[in-house]
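> sharing a model that was predicted from the sequence below.
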Amino acid sequence: MPRDRILILGGTRDAREIANALVESGRTVVTSIAGVTAQPLLPAGEVRIGGFGGVSGLKSYIESSQIALVIDATHPFAARMSAQAFEACRDCGVLLLRFSRAPWLAGEGDRWTVAAFAAEAASILPPGARVLLTSGRKDLDPFFARTDVWGLARMIEEPPLSPPCNWTILRERPPFTILGERALMSRNAITHLVTKNAGGSATEAKLQAARELGIPVVMIARPAKPEVASFGTLDTLMVVVEGVLSP
Ligand code: NAP
């Protein structure tokens, strides 16, 4: 079997778009997703679901599946998978590229406080705050430990732990609109928005809504990932992939 398959590490809309474009251009693609979402949206091409079993598992997969190129298109906060991909590709001598959407930047009228991690973000909230928390289902503990705030925690899947009575879970899947976000914040008298700096347009509306309503934002900064060649648009990534894989 020729070594010509592309492994996309996915779990994001970006990964689906990359897979769809590569399949369209005639490439053989397998997208890997972690399997944490109950009804994931699937891309074109082959899909495999579930962890690899750490670096050694990923190395075995790369070798046995004739992978010629790995594209890390995981979420900017999926730091462990990116680190494992870096190690596995280095050890296997396989090229690793990353798709990384641009982070959000504070604009005029924004009132951002940047936190390095979730616990710091939770500690920044003043007593009595009414919080919209959109950081997903991980790292909820420091927020749920805040008994002196009221909170609405939005996520796609059920949280791994039950919320205390001062927190409500809102299960919704992006994209969201500015109108909808503004209505949600107004209806719940939100005083603080807490979010991870995911970047991208699908969940950006909340920032515009917060800006319009004058609501302060606690922005959790992205975790560090290993240095690899990174691309922020589908077009540039496609050009590089064609250049790398064309004979
Ligand atoms: P993580 O902490 O970086 O990784 C945890 C473990 O999940 C990894 O060690 C790996 O297990 C497995 N895993 C992660 N991504 C995988 C993939 N694409 N294919 C196969 N296994 C994968 O990741 P996470 O933050 O829990 O995110 C899990 C998935 O959800 C990722 O695919 C990510 O793109 C997506 N996602 C994450 C966020 C977020 O905020 N973190 C938001 C939206 C989507 P093994 O060690 O067994 O290989």
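Here it is on my side, so go on. Numbers count the residues shown, from 1 in each chain.

> now do the same contact list for the closest residue to residue 16 other than its chain neighbours.
Closest residue in space to residue 16, ignoring its immediate chain neighbours: residue 43 at 4.0 Å, by CB to CB, 6 or more residues apart in numbering. All C-beta spots, glycine's among them, are computed from the backbone N, C-alpha and C. By CB atoms under 8 Å, 6 or more residues apart in numbering, residue 43 lies in contact with 8, 10, 15-20, 23, 29, 31.

> in strands, which of these appear?
Among the contacts of residue 43, the ones falling in strands (DSSP state E) are 8, 29, 31.

> so the residue most central in space within the chain, which state does it fall into?
The chain has residue 75 as the residue nearest its centroid, 2.8 Å off, counting by CA atoms, centre = their mean. Using DSSP: H, G, I helix; E, B strand; the rest coil, the structure places residue 75 in coil.

> look up how far the ligand lies from it.
Separation of residue 75 from the ligand (CB to the nearest ligand atom, to the nearest Å): 3 Å.

> what do you get for residue 201?
Computed with CB to the nearest ligand atom, the distance linking residue 201 and the ligand is 15 Å.

> host element of the nearest residue to that residue once chain neighbours are set aside?
Sequence neighbours aside, residue 175 is the residue nearest to residue 201 in space, at 7.4 Å (criterion: CB to CB, 6+ apart). Using DSSP states H and E, residue 175 maps to neither a helix nor a strand.

> near the ligand, which residues of the chain show up?
Selection of the chain residues close to the ligand by CB under 6 Å from any ligand atom yields 9-12, 32-34, 36, 51-54, 57-58, 74-75, 77-81, 84, 136, 138, 196.

> so which of these are in strands?
9, 32-33, 196.

> the residue nearest to the centre of the chain contacts residue 9, correct?
No - using CB atoms under 8 Å, residue 75 is not in contact with residue 9; the gap is 10.1 Å.

> where does the residue nearest to the centre of the chain land on pLDDT?
Per-residue confidence (pLDDT) for residue 75: 96.

> for it, what are its contacts?
11-12, 198.

> redo that, cut-off 10 Å
10-15, 34, 81-82, 100-101, 136, 196, 198-200, 222 (CB atoms under 10 Å, 6 or more residues apart in numbering).

> biggest helix in the protein by residues?
helix 79-92 (DSSP state H).

> given the very next helix or strand once past that helix, what are its sheet partners and their directions?
Counting by DSSP H and E, the element after helix 79-92 in chain order, helix or strand, is strand 95-99. Strand pairing for strand 95-99, determined by DSSP bridges: strand 67-72 (parallel), strand 229-231 (parallel).

> now, of those, which is deepest in the fold?
strand 67-72 (a mean of 23; mean count of other CB atoms under 10 Å).

> now it against helix 79-92, angle please.
150 degrees (axes from the mean of the first three to the mean of the last three CA atoms, to 10 degrees).

> since that was my last question, I'll sign off now.
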